[in-house]
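S.K.: Need a 3D model of the sequence below.
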Amino acid sequence: MKTRTLGGLTVTDVCLGTMTFGNQTGPEDAFAQMDRAIDAGITFWDTAEMYPVNPVTAETYGRSEEIIGAWFARTGRRADVQLATKASGKGRNGQFSRDNRGFEPDNIAQAVDLSLRRLQTDVIDLYQLHWPKRGSYAFRQNWTYDPRGTSKAQVEDHMGGVAEAMKHIVAAGKVREFGLSNETAWGTMRWLAAAERTGGPRVVSVQNEYGPLHRLYDTDMAELGHKEDVTLLAYSPLSAGLVTGKYSGGATPAGSRAAVDIAHGGQGNLGGRRTDRSVAAADAWGRMARDLGHDPIHLAIAFVRARPFPAIPIIGATEVAQLDHLLAGLSVTVDADAARQIDAFHRAHPLSF
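M.R.: Predicted coordinates for the structure are as follows:
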């Protein structure tokens, strides 16, 4: 397994995602996945205070962190893992964070302490802000994105206050490095400026959605990541399972993310990802990958690892068999021919959802 540097951390260049731990993935299966990951050399793991998702509920809030903490207590292997988690912002129905208080200068220390307690550890290696307080164009909001609503002064005042609070949290030894999620180029640059202004921790990573079907990151954010040494932690590189081909022809397999969403009263559209165009794009990706002699899942992960800017794919699975399949393809690389065909694929299927 190759490694990358995030500030003072050295992490594996593939990250284990845990967002299903506690609903679709029960504790014993989650324990098995963590065992598998560490045996495969993947020691960088990501979670969040609001996990598990699909759906997010007040009853399961924090459960993913609790399961990881239980695994640490069972195995005694906390020192073998570089652990990332996230503070949630305010959100719909008050479900997301500590009575919907979000992250503020006066409560982020409490958010850290609560995550530490659930994770049964005394330090978080990478602490991230799950989405900007001012809003985000992530989660399909790019189609109607409006940057108005908060002034530059309001945003910078909030950033400065959080950066100052994080400085004390890092000094106390509770957090090692600081990152963002669902951020923009402008927002990331202002966080970097806030760190310089306050002496707070510098941004070392940004966790945004990215994969062969969703490449919003490829321009301004890619340049920022390369020039400012901010690593992309690419979530949903398989576009919530679209890349697997499981939804081809209108299928909704039992136990799939779409099926679970429908069972909980949702539309089964994978958070807006599942469209006629995206299913057609996923089918085309599968044909291209197989013509190149690769599994489409394996090629998608290899694609992220091969980008010309620092990027780490987050791989997640609802069950051990899916994780085993992901792990089996980590030796796949993108050669010159594959790179050319992927470029042609992207031009034919740009931003398919």
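
S.K.: going forward, measure contacts and count neighbours with C-alpha atoms only.
M.R.: Noted.

S.K.: ok, and what's touching stretch 141-152?
M.R.: Identification of contacts with stretch 141-152 by C-alpha atoms under 8 Å, 6 or more residues apart in numbering yields Arg134, Ser136, Tyr137.

S.K.: Could you tell me the end-to-end distance of it?
M.R.: Taking C-alpha to C-alpha, to the nearest Å, stretch 141-152 runs 20 Å from one end to the other.

S.K.: Over to stretch 145-158?
M.R.: One end of stretch 145-158 to the other measures 21 Å (C-alpha to C-alpha).

S.K.: For burial, what's the neighbour tally of Phe309?
M.R.: Other residues near Phe309 number 20, with proximity taken as other C-alpha atoms under 10 Å.

S.K.: and if you look at Ile301?
M.R.: Residues lying near Ile301 (other C-alpha under 10 Å) number 26.

S.K.: Ramachandran angles for it?
M.R.: Ile301 adopts backbone torsions of phi -70, psi -40, taken as degrees, to the nearest 10.

S.K.: residue contacts, Phe178?
M.R.: By C-alpha under 8 Å, 6+ apart, the residues touching Phe178 are Leu126, Tyr127, Gln128, Pro201, Arg202, Val203, Val204, Ser205.

S.K.: rewinding a little: make a markdown table from the contacts of stretch 141-152 and add pLDDT and secondary structure to it.
M.R.: What follows is these, written out as a markdown table (pLDDT from 0 to 100; DSSP: H, G, I helix; E, B strand; the rest coil):
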| residue | pLDDT | secondary structure |
| --- | --- | --- |
| Arg134 | 93 | coil |
| Ser136 | 91 | coil |
| Tyr137 | 94 | coil |
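
S.K.: As JSON lines, those with distance to Leu116 and neighbour count would be great.
M.R.: What follows is the contacts of stretch 141-152, written out as JSON lines (distance: C-alpha to C-alpha, whole Å; neighbours: other C-alpha atoms under 10 Å):
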{"residue": "Arg134", "distance to Leu116": "26", "neighbour count": "15"}
{"residue": "Ser136", "distance to Leu116": "27", "neighbour count": "19"}
{"residue": "Tyr137", "distance to Leu116": "30", "neighbour count": "17"}
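
S.K.: okay, those in JSON lines with distance to Asp99 next?
M.R.: Output for the contacts of stretch 141-152, formatted as JSON lines (distance: C-alpha to C-alpha, whole Å):
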{"residue": "Arg134", "distance to Asp99": "18"}
{"residue": "Ser136", "distance to Asp99": "21"}
{"residue": "Tyr137", "distance to Asp99": "24"}
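
S.K.: between those, which is closest to Ala302?
M.R.: Each of the contacts of stretch 141-152 was scored against Ala302 by C-alpha to C-alpha, and Tyr137 proved nearest at 26.1 Å.

S.K.: re earlier: could the contacts of Phe178 go into JSON lines alongside pLDDT and secondary structure?
M.R.: Shown next, in JSON lines, are the contacts of Phe178 (pLDDT from 0 to 100; three-state DSSP):
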{"residue": "Leu126", "pLDDT": "99", "secondary structure": "strand"}
{"residue": "Tyr127", "pLDDT": "99", "secondary structure": "strand"}
{"residue": "Gln128", "pLDDT": "98", "secondary structure": "strand"}
{"residue": "Pro201", "pLDDT": "98", "secondary structure": "coil"}
{"residue": "Arg202", "pLDDT": "98", "secondary structure": "coil"}
{"residue": "Val203", "pLDDT": "98", "secondary structure": "strand"}
{"residue": "Val204", "pLDDT": "99", "secondary structure": "strand"}
{"residue": "Ser205", "pLDDT": "99", "secondary structure": "strand"}
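
S.K.: If any of those residues are buried, put those into a ChimeraX selection.
M.R.: Filtering these down to the buried ones (16 or more other C-alpha atoms under 10 Å) takes a single ChimeraX command:
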select :126,127,128,201,202,203,204,205
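
S.K.: For Ala109, state which of the contacts of Phe178 is nearest.
M.R.: Tyr127 (11.3 Å).

S.K.: can you pull the contacts of the one residue sitting closest to the centre of the chain?
M.R.: The chain has Tyr235 as the residue nearest its centroid, 3.6 Å off, counting by C-alpha atoms, centre = their mean. Applying C-alpha under 8 Å, 6+ apart to Tyr235 gives the contacts Gln207, Asn208, Glu209, Tyr210, Pro313, Ile314, Ile315.

S.K.: chain center to the helix or strand bottoming out on mean pLDDT in the chain, what's the gap?
M.R.: Across the helices and strands of the chain, the lowest-confidence element by mean pLDDT, DSSP states H and E is helix 257-263, at a mean of 91. Its chain's C-alpha centre and that of helix 257-263 lie 20 Å apart, by C-alpha atoms, centre = their mean, to the nearest Å.
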